[in-house]
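Q: Turn this into a structure:
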Amino acid sequence: MERKRVLLVDDEPQIVEVVRSYLTREGFTVEGCGSVESATRAIARNRPDLLVLDINLPDGSGLDVLRLAANDGHRIPAIMLTARVEEADRIVGLELGADDYVTKPFSPREVVARVRALFRRLAERDVTGTNDRERTRVGDLEIDHRFHEVRLNGHPIELTATEFRILSVLAENPGEVFTRPHLLDVLEDGGQIFERTLDRHINNLRKKIERDPAKPQYVLTVYGVGYKLRRD
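A: Purely as a prediction, here's the structure:
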């Protein structure tokens, strides 16, 4: 099996070397760099399977790398590293398409665990899916569980791994209400995604699939309980 390629971007050489060492031992091919410019060159040279990005870089932000990496319309899965604790920083990363985040100081083993967990979620496109049905269709929204694809009116919609996982779980039983604790459990995030952050993922998902996110037609809120996918 081809080794997954990880681009690690952090301006602290010691962090790069330690995390690279741990990821390499786990079987990943890792390239490290310390700036937005060098990361952009690395992506253009050999597109990675995953980005691990520090927020603070000498010539900008890891968020800049995330924006530049998506310029061609093909998003690269990403995990953000940040020393900041404000929820706003996490929300910005989620808005730009980051799949997960790790707050400094962290254990290298935690980063490895997050990387492996994200690749496991992405690998769902290669198996049967989350249920016996390979596709779920609700109105003009089609979810292909096997190939990890979502289409709206026939047009592909780019979702983060977390957004797709949420939508896929809701699509297991259209019309059934899933509580927030249930959704948090199936995301297997190690306790780092809290209810307010889950709501932000839902909001981002709605922005991509709903005609009017303020009046959703697909992902519906059941107040005081949780969320459900509309059933035709």
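Q: chain center to stretch 209-228: distance?
A: 20 Å (Cα atoms, centre = their mean, to the nearest Å).
Q: Next, the buried residues of that stretch.
A: Of the residues in stretch 209-228, 209-210, 216, 218-220, 226-228 count as buried by neighbour count, 16 or more other Cβ atoms under 10 Å. Placement of C-beta: from N, CA and C, glycine included.
Q: least trustworthy helix or strand in this protein by mean pLDDT?
A: helix 87-95 (a mean of 66; mean pLDDT, DSSP states H and E).
Q: all strands for the protein, in order.
A: All strands of the chain, identified by DSSP state E, fall at 5-9, 29-33, 50-54, 56-57, 60-61, 78-82, 100-103, 135-138, 141-144, 149-152, 155-156, 178-179, 219-222, 226-229.
Q: which neighbours does the first one have in its sheet, and in what orientation?
A: When pairs are called by DSSP bridges, strand 5-9 turns out to pair with strand 29-33 (parallel), strand 50-54 (parallel).
Q: In CSV, list those along with mean neighbour count.
A: Formatted as CSV, the strands paired with strand 5-9 follow (neighbours: other Cβ atoms under 10 Å):
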stretch, mean neighbour count
strand 29-33, 19
strand 50-54, 24
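Q: Would you tell me which of these gets closest to residue 180?
A: Closest of these to residue 180 is strand 50-54, at 27.3 Å (criterion: Cβ to Cβ).
Q: neighbouring contacts of the closest one?
A: Strand 50-54 is touched from outside by 4-12, 15, 19, 39, 62-63, 65-66, 69, 76-82, 98, 111, 115, 118-119, with contacts defined as Cβ atoms under 8 Å, 6 or more residues apart in numbering.
Q: Please give me every residue in contact with residue 217.
A: Applying Cβ under 8 Å, 6+ apart, the residues near residue 217 are 139, 210-211, 230.
Q: And the pLDDT at it?
A: Residue 217 carries a pLDDT value of 92.
Q: Any chance of the backbone angles for it?
A: Here is the backbone geometry of residue 217 (degrees, to the nearest 10): phi -110, psi -10.
Q: Could you measure from it over to residue 206?
A: 10 Å (Cβ to Cβ, to the nearest Å).
Q: isn't residue 27 right up against residue 3?
A: Yes - if you go by Cβ atoms under 8 Å, residue 27 and residue 3 touch, sitting 6.1 Å apart.
Q: re earlier: nearest to residue 44, out of the strands of the chain?
A: Nearest of these (Cβ to Cβ): strand 5-9, 11.3 Å.
Q: What lies in contact with that closest one?
A: 16, 19-20, 23, 28-36, 38-39, 42-43, 46, 48-54, 57, 62, 65, 115.
Q: now it and strand 78-82, what's the angle there?
A: Here strand 5-9 points in a direction 30 degrees away from that of strand 78-82 (axes from the mean of the first three to the mean of the last three Cα atoms, to 10 degrees).
Q: check contacts around the nearest residue to residue 11 once chain neighbours are set aside.
A: Leaving aside its sequence neighbours, residue 11 sits nearest to residue 34 (Cβ to Cβ, 6 or more residues apart in numbering; 4.3 Å). Neighbour list for residue 34: 9-13, 16, 57-58 [criterion: Cβ under 8 Å, 6+ apart].
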